[in-house]
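Student: Pasting the sequence and the predicted model now:
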Amino acid sequence: MTDFMEVADRVWVARYEWADANVTAIGGERGLVVVDTHGSTAAGRTILDDLGRLGAGSVGAVVNTHWHWDHAFGNAAFREQDPKIPIHAHEDAARMLSEQGEYMKQRFAESEDPRRDEVAATELVLPDQTFSSTRSLDLGDRLVELVFPGRGHTDGDIVVRVPDVDVVLGGDLVEESAKPWIGMDSWPLEWHGSLDVVLNLVTSDTHVVPGHGVPVGRTFVETQRDELAVIGETVRRLAGAGVPVDQAVAEGDWPWDADDRIANACRRGYEQLPPGARSLPLA
Ligand SMILES: [Zn+2]
């Protein structure tokens with residue numbers, strides 16, 4: 001049981017302990033839009049129970065900010081309640097979930113996670129309302145904007161904007177409770193540029209709800225953008241200088257202690273650079 005807290009007029013955020021994942025509900029005349037569905041069908045049912053206690057109406061639409069398990073594996077619960085409910089996402093998020101979702105489920109089922117059984121029992125439900133750049137959802141008395149700012153944390157991360165209350169949901173393009181996760185499906189050379197697009201939607205008064213952690217403001221997003229820019233530029237410089245990828249982590253000056261994120265940024269960054277931007281090692 002987790003409470004939805006109102007962070008702006010009819011915008012409620014529940015912060016779930018498992019994966020420290022945020023789920024947001026946006027209220028309007030045509031029902032609630034639920035942004036992200038947590039990590040399993042059982043977890044999705046819990047969201048619906050928590051929304052029932054909130055008493056702010058029924059769910060009219062679902063949005064997945066990206067394909068990752070802790071944001072999209074709860075989709076089936078919403079279809080159980082309403083077989084016709086639209087699930088919106090970027091087209092590449094839907095593609096990644098269809099290509100990688102079962103593999104992620106399998107990896108989870110074999111892990112030590114105490115909730116692995118409920119993940120294994122989860123039916124993956126793909127978003128059926130996909131788009132490539134922007135989409136508006138008309139809730140009757142308010143509009144919700146879905147914007148694809150470019151690749152970053154994954155291929156198809158979107159941000160969700162509620163203009164009348166100046167709220168932006170950043171998905172995992174912005175993380176507060178940990179450093180932004182750079183995985184083997186991330187775009188470390190492009191992420192900071194995508195955050196520049198997000199920053200065009202963010203004023204000094206905007207509440208930015210990250211995918212994980214408490215709401216933040218513009219300066220937090222700027223700092224995270226700068227850190228990701230340093231990572232991207234460092235990877236570019238090391239590759240250009242002919243440093244082999246397996247030495248890049250040790251050779252670089254990173255904005256935080258080198259961890260799996262930095263190692264993944266090097267591997268992915270080297271792969272993504274055009275051949276002319278890489279020098280061959282001199283040895
Ligand atoms: Zn993610």
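Tutor: Cool, got the structure.

Student: Do you know the pLDDT at S279?
Tutor: pLDDT, S279: 68.

Student: now do G183
Tutor: We have a pLDDT of 98 for G183.

Student: so what's it closest to, chain neighbours aside?
Tutor: Among residues not flanking G183 along the chain, N264 sits closest, at 5.7 Å (C-beta to C-beta, 6 or more residues apart in numbering). Backbone N, C-alpha and C define where each C-beta goes, glycine included.

Student: and the helix or strand hosting the one you found with the ion, contact?
Tutor: Under the criterion of DSSP states H and E, N264 resides in helix 260-272. No - contact between helix 260-272 and the ion is absent, the nearest approach being 12.0 Å (criterion: C-beta under 5 Å from the ion).

Student: Figure out how far stretch 257-264 is from the centre of its chain.
Tutor: 19 Å (C-alpha atoms, centre = their mean, to the nearest Å).

Student: meant to ask about stretch 24-40
Tutor: Put simply, stretch 24-40 sits 15 Å off its chain's centre (C-alpha atoms, centre = their mean).

Student: That one near the ion at all?
Tutor: No - using C-beta under 5 Å from the ion, stretch 24-40 never reaches the ion; the gap is at least 9.6 Å.

Student: Mind checking the pLDDT average for that stretch?
Tutor: Here stretch 24-40 scores 98 as its mean pLDDT.

Student: contacting residues for the single nearest residue of the stretch 151-283 of the chain relative to the ion?
Tutor: Distances between the stretch 151-283 of the chain and the ion by C-beta to the ion are smallest at D172, namely 3.6 Å. The contact partners of D172, by C-beta atoms under 8 Å, 6 or more residues apart in numbering, come to 65-66, 68, 71, 153-154, 157, 180-181, 210-212.

Student: What strand or helix carries it?
Tutor: strand 167-175.

Student: and the next element down the chain from that strand?
Tutor: The first helix or strand that comes after strand 167-175 along the chain, using DSSP H and E, is helix 191-199.

Student: Packing partners of that next one?
Tutor: With contacts defined as 3 or more C-beta pairs under 8 Å, 6 or more residues apart in numbering; DSSP states H and E, the packing partners of helix 191-199 are strand 167-175, helix 218-240.

Student: now the angle between strand 167-175 and the last one, please.
Tutor: Relative orientation of helix 218-240 with respect to strand 167-175: 30 degrees, computed using axes from the mean of the first three to the mean of the last three C-alpha atoms, to 10 degrees.

Student: Check the average confidence over helix 218-240, would you?
Tutor: Averaging pLDDT along helix 218-240 gives 98.

Student: Pull out the buried residues from it.
Tutor: Residues of helix 218-240 classed as buried by neighbour count (16 or more other C-beta atoms under 10 Å): 218, 220-221, 224-225, 227-232, 234-236, 238-239.

Student: same deal with stretch 178-189?
Tutor: By neighbour count with 16+ other C-beta under 10 Å, stretch 178-189 contains the buried residues 179-182, 185-189.

Student: H88: what's it in contact with?
Tutor: Here H88 is in contact with 61-64, 127, 129-131, 135, 137, 146 (criterion: C-beta under 8 Å, 6+ apart).

Student: Now do the helices in this structure.
Tutor: Secondary structure of the chain by DSSP state H: the helices cover 41-54, 69-72, 75-81, 91-109, 116-120, 191-199, 218-240, 245-251, 260-272.

Student: Columns distance to E29 on top of these, output as JSON lines?
Tutor: Converted to JSON lines, these look like this (distance: least, C-beta to C-beta, whole Å):
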{"stretch": "helix 41-54", "distance to E29": "17"}
{"stretch": "helix 69-72", "distance to E29": "26"}
{"stretch": "helix 75-81", "distance to E29": "20"}
{"stretch": "helix 91-109", "distance to E29": "27"}
{"stretch": "helix 116-120", "distance to E29": "34"}
{"stretch": "helix 191-199", "distance to E29": "28"}
{"stretch": "helix 218-240", "distance to E29": "30"}
{"stretch": "helix 245-251", "distance to E29": "52"}
{"stretch": "helix 260-272", "distance to E29": "42"}
